[in-house]
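>>> Here is my input; please provide its structure:
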Amino acid sequence: DQNKIAYNIANAFTNLFKTAKTIDVLTENLAASQQRDKMFLRLEENGIMAKNDRLKAQLQTANIELQLLDANNNYATAMLSMNLLLGLPSLTTVQPDSSFIHLDLQNMPFSNFEAAAISNRKDLQSLKLQQIAAAYATRSAKAENIPVLALNGGYVAANVPRFLSVYNAVNLGIGIQYNLANLWKKNAGLLQACAKEKQLNAVNDELNDNIKLTLHKNYQDAMYAAKKTLVYQRALEQSTENLRITKNKYNNSLATITDLLEADAALLAAKINIINSRADASLAYYKLLESAGLLPLKKLNN
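Next up, the predicted model:
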């Protein structure tokens with residue numbers, strides 16, 4: 001099933017993308033944190049900063065290092081999973097493409113995805129063919145109880161001495177054939193064919209209902225994920241501004257080292273959250289496409 005395979009690849013790529021981008025953010029933040037620790041150490045040596053304040057900053061640096069170790073470990077696992085899924089050598093390095101996170105719902109209404117599912121879902125297409133075959137089988141079974149119109153013909157040549165001589169005579173006739181036993185016998189073939197047709201119709205109704213439910217859930221999930229991304233984007237902007245203000249206050253002795261470290265940690269969390277949110281939103285959109293039978297990617301009509 002190419003549809004399922006394409007989604008599994010998208011899922012594996014999402015994990016790879018998130019871990020790779022998280023490593024980038026943590027590496028950058030760790031470098032800045034280590035540089036800050038050096039500055040705080042000089043301030044402590046000059047008697048300007050208390051030792052416990054410097055230790056608070058170093059503790060935060062250690063926490064970032066631990067996060068980076070976890071991210072690198074997750075990245076290695078995600079890379080191996082991706083290589084195995086694509087049939088690549090285990091040591092192959094796949095570079096995540098940032099364009100992956102720019103997929104969105106394209107302002108498409110739910111009805112478009114529902115129509116796409118009816119046209120593209122392989123399970124629906126397969127069931128439709130089974131229904132057509134069952135309908136033909138039912139008509140064929142019904143034909144056993146219908147009288148058959150038969151065309152009869154023959155050729156006659158006879159020579160009876162002193163009585164009759166016939167040469168090249170042809171006889172034609174039309175008759176109706178019917179097996180009278182059908183009046184009291186049950187047509188087992190017809191009963192089976194009708195039962196099969198009813199069963200397939202019931203399966204078709206159930207499958208269509210399940211597809212609608214799945215599509216609706218995945219559509220709502222994709223919309224929800226897209227809205228969450230907007231919230232995380234605002235949180236990132238707010239965290240960036242908060243750190244800028246807190247730094248100014250700290251430099252003017254209006255904020256404590258704890259305030260500064262908390263603002264820095266909040267910005268780091270916001271950066272990681274927006275990465276994960278964008279990737280998850282794209283994956284939710286791929287899930288919607290999968291349930292509509294649109295993977296590998298196909299054009300969705302407006």
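>>> Could you give the average pLDDT over the longest helix seen in the chain?
With secondary structure taken from DSSP state H, the chain has its longest helix at helix 188-251. Averaging pLDDT along helix 188-251 gives 91.
>>> buried set for whichever helix or strand comes after it?
Heading C-terminal from helix 188-251, the first helix or strand you meet, by DSSP states H and E, is helix 257-291. If you call a residue buried by 16 or more other CB atoms under 10 Å, then helix 257-291 has these buried ones: 257, 260-268, 270-291. Where C-beta positions appear, they are placed from N, C-alpha and C, glycine not excepted.
>>> so residue 120 sits right up against residue 294, yeah?
Yes - taking CB atoms under 8 Å as the definition, residue 120 is a contact partner of residue 294 at 6.1 Å.
>>> out of those two, which sits in the more crowded spot?
Comparing residue 120 with residue 294 by neighbour count (other CB atoms under 10 Å), the higher total belongs to residue 294, at 21 against 16.
>>> Next, the more buried one: phi, psi?
phi -110, psi 10 (degrees, to the nearest 10).
>>> try residue 49
Taking degrees, to the nearest 10 as the convention, residue 49 sits at phi -120, psi 140.
>>> Check whether it really touches residue 40, as I assumed.
Yes - here residue 49 lies in contact with residue 40, judged by CB under 8 Å, at a distance of 5.7 Å.
>>> which of the two has more neighbours?
residue 40 (21 against 17).
>>> List the contacts of the more buried one.
49, 53-54, 57 (CB atoms under 8 Å, 6 or more residues apart in numbering).
>>> now do 6 Å
By CB atoms under 6 Å, 6 or more residues apart in numbering, the contact set of residue 40 is 49, 54, 57.
>>> Just give me the neighbour total for the closest residue to residue 72 other than its chain neighbours.
In space, and not counting its chain neighbours, residue 72 is closest to residue 23: 6.3 Å by CB to CB, 6 or more residues apart in numbering. Using other CB under 10 Å, residue 23 has 16 other residues around it.
>>> wait, doesn't residue 23 sit right on residue 73?
No - applying CB atoms under 6 Å as the test, residue 23 and residue 73 come out as separate, 10.4 Å apart.
>>> Name the helix or strand for the residue nearest to residue 72, please.
helix 2-45.
>>> how distant is that helix from the center of its chain?
26 Å (CA atoms, centre = their mean, to the nearest Å).
>>> Specify the angle between it and helix 257-291 in degrees.
170 degrees (axes from the mean of the first three to the mean of the last three CA atoms, to 10 degrees).
>>> Let me see the mean pLDDT of helix 2-45.
Here the average pLDDT along helix 2-45 is 94.
>>> What helices and strands are in contact with whichever helix or strand comes after it?
Using DSSP H and E, the next helix or strand after helix 2-45 towards the C-terminus is helix 51-86. The elements that helix 51-86 packs onto, with contact taken as 3 or more CB pairs under 6 Å, 6 or more residues apart in numbering; DSSP states H and E, are helix 2-45, helix 257-291.
>>> next one: helix 51-86 to chain centre, how far?
29 Å.
>>> Pull out the buried residues from that helix.
53-54, 56-57, 60-61, 64, 67-68, 71, 74-75, 78-79, 81-83.
>>> who does the helix or strand following that helix touch, helix- and strand-wise?
Once the chain leaves helix 51-86, the next helix or strand it forms, by DSSP H and E, is helix 110-120. Helix 110-120 is packed against helix 188-251, with contacts defined by 3+ CB pairs under 6 Å, 6+ apart.
>>> now with 10 Å?
Helix 110-120 is packed against helix 122-142, helix 188-251, helix 257-291, with contacts defined by 3 or more CB pairs under 10 Å, 6 or more residues apart in numbering; DSSP states H and E.
>>> how about it: buried residues?
Of the residues in helix 110-120, 112-114, 116-117, 120 count as buried by neighbour count, 16+ other CB under 10 Å.
>>> Sort out which one of those lies nearest residue 9 for me.
residue 120 (18.2 Å; CB to CB).
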